[in-house]
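Q: output the structure for:
(one chain, ligands or ions: 1)
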Amino acid sequence: MPTLECSQHRRKGLLKMRVMDFATSTAILPLLFGCVGIFSLFKLLQHMRIKTYFQNVVVVITGSTSGLGLECAKIFYAAGAKLVLCGRDREALEDLTKELTASQVTKVQTHKPFMVSFNLADPKAIVGAAEEILQCFGHVDVLINNAGISYRGTITDTTIDVDKTVMETNYFGPVALTKALLPSMIKRRKGHIVAISSIQGKISIPFRSAYSASKHAAQAFFDCLRAEMKQYEIEVTVISPGYIRTNLSLNAVTADGSRYGVMDKTTAQGRSAEEVAQDVLTAVGKKQKDVILADLVPCLAIYLRTLAPGIFFSLMASRARKEQKSKDS
Ligand SMILES: NC(=O)c1ccc[n+]([C@@H]2O[C@H](COP(=O)([O-])OP(=O)(O)OC[C@H]3O[C@@H](n4cnc5c(N)ncnc54)[C@H](OP(=O)(O)O)[C@@H]3O)[C@@H](O)[C@H]2O)c1
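A: Here you go, the predicted structure:
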């Protein structure tokens, strides 16, 4: 027995040596280093291109008074973009503009942002707002549909007016603004529409019905838009982040339309808005089409919903039961 073990051991050793000989004596190692070098060079060139890509580019950001929109404003401003900042709160927009122009965060030439304040949930306000936006710099290169509200509540308790408010802000508002700005992009055969969706635009979780529905609708709309705009060379990017540390849960509406006013643990533990804004800039610079910015678990949940829906539905039902129980107790 020991002689058998010994000869097996020797054979393994010989095999190892032959593999090493092959790797070093043939072109494998130089080839490997070459590939790593080309990949690094490609990444470096891509990084340099994105760094200069936004100089003098007209970028419109909705919901720029808070959270992700505010951080996007800072990052795109520092990249040299000509910004049109949108939100409902004029004073907050003015404060942000002052903060941006006072900051000297960048070596590239920066531009004083314009401000356009309007309520996305008011369909009548949107056409006028789009005209105002177009007057700022004469055209729009990138529209970032970022503004949004979240929702917490059971379907049975929620009034249809609340469903409509969430849909107006997260779906009809961005759709109307996009439609109002598209003709000028089509004319120039140039433009980029970005939709900030959510993981909840890919999967629905209990007690978020209105929010999930609005984000699913937005995903569907912008997927159609991407296909229809290809012929005009207009890009469409849908970005689906997981939890971000912002005021989204505080500002969420509840079943009766009142403000939720609670910082959820999941939101508080989310990624920083600054980090996500950097990923938004990279995704737009790379003209990516559909981007998921989340950890492994939400990504797996998306696959589970597609490949094993039965298991996904059972997990969600159990989650709903648990949440309801903890609310009742
Ligand atoms: N935070 C997260 O965990 C998370 C995760 C995935 C996706 N998202 C998405 O990220 C986007 C930004 O949200 P956030 O997390 O940054 O939340 P936030 O801090 O609450 O910011 C929301 C922004 O939307 C604006 N807004 C809300 N309703 C509006 C309306 N009717 N008309 C015009 N502007 C309106 C707000 O402006 P006012 O000052 O006018 O209220 C605010 O600037 C949203 O689309 C959200 O769904 C967030």
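Q: how close does Ala268 get to the ligand?
A: Distance from Ala268 to the ligand, counting by CB to the nearest ligand atom, to the nearest Å: 10 Å. No exception for glycine: its C-beta is placed from N, CA and C like everyone else's.
Q: so what's that residue closest to, chain neighbours aside?
A: Arg245 (6.3 Å; CB to CB, 6 or more residues apart in numbering).
Q: number of residues surrounding that neighbour?
A: Counted with other CB atoms under 10 Å, residues neighbouring Arg245 total 18.
Q: tell me how far it lies from Leu177.
A: 26 Å (CB to CB, to the nearest Å).
Q: then Leu83?
A: From Leu83 to Leu177 the distance is 16 Å (CB to CB).
Q: cool, and Thr169?
A: Thr169 sits 11 Å away from Leu177, going by CB to CB.
Q: give me the common contacts of those two.
A: Residues touching both Thr169 and Leu177 (CB atoms under 8 Å, 6 or more residues apart in numbering) are Leu120.
Q: now do the contacts for Gln288.
A: Thr237.
Q: how about it, secondary structure?
A: Applying DSSP: H, G, I helix; E, B strand; the rest coil to Gln288 yields a three-state assignment of coil.
Q: show the pLDDT at the residue lying closest to Ile61 once chain neighbours are set aside.
A: Counting by CB to CB, 6+ apart, the nearest residue to Ile61 once its immediate chain neighbours are dropped is Ile144, at 4.7 Å. The model reports Ile144 with a pLDDT of 98.
Q: ditto for Glu323
A: Glu323 is given a pLDDT of 92.
Q: next one: Val36
A: pLDDT for Val36: 82.
Q: quickly find the element holding it.
A: Val36 belongs to helix 28-53 when assigned by DSSP states H and E.
Q: can you show me the CA trace of whichever helix or strand comes after that helix as PDB?
A: As assigned by DSSP H and E, the chain's next helix or strand after helix 28-53 is strand 58-61. Coordinates of each C-alpha in strand 58-61 appear next as PDB, following Å, rounded to 0.1, in the frame of the first residue of the first chain:
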ATOM      1  CA  VAL A  58     -26.500  69.800 -20.900                       C
ATOM      2  CA  VAL A  59     -27.900  67.600 -18.200                       C
ATOM      3  CA  VAL A  60     -31.400  68.000 -16.700                       C
ATOM      4  CA  ILE A  61     -31.900  66.400 -13.200                       C
END
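Q: how about strand 58-61 against the ligand, any contact?
A: No: Strand 58-61 is not in contact with the ligand by CB under 6 Å from any ligand atom; minimum separation 9.2 Å.
Q: packing partners of that strand?
A: Secondary-structure packing of strand 58-61 (3 or more CB pairs under 8 Å, 6 or more residues apart in numbering; DSSP states H and E): helix 67-78, strand 82-87, helix 123-137, strand 142-145.
Q: what packs against the second one?
A: This means strand 82-87. strand 58-61, helix 67-78, helix 90-102, strand 114-117, helix 123-137.
Q: which one of the ones you listed lies closest to Phe22?
A: Counting by CB to CB, Phe22 lies closest to helix 67-78 out of the helices and strands packed on strand 82-87; the figure is 48.3 Å.
Q: which other residues reach the closest one?
A: By CB under 8 Å, 6+ apart, helix 67-78 touches 54, 59, 61-64, 83, 85, 87, 96, 100, 103, 105-106, 108, 110-111, 113, 144, 146-147, 196, 241, 244, 246-248, 273-274, 276-278, 280-281.
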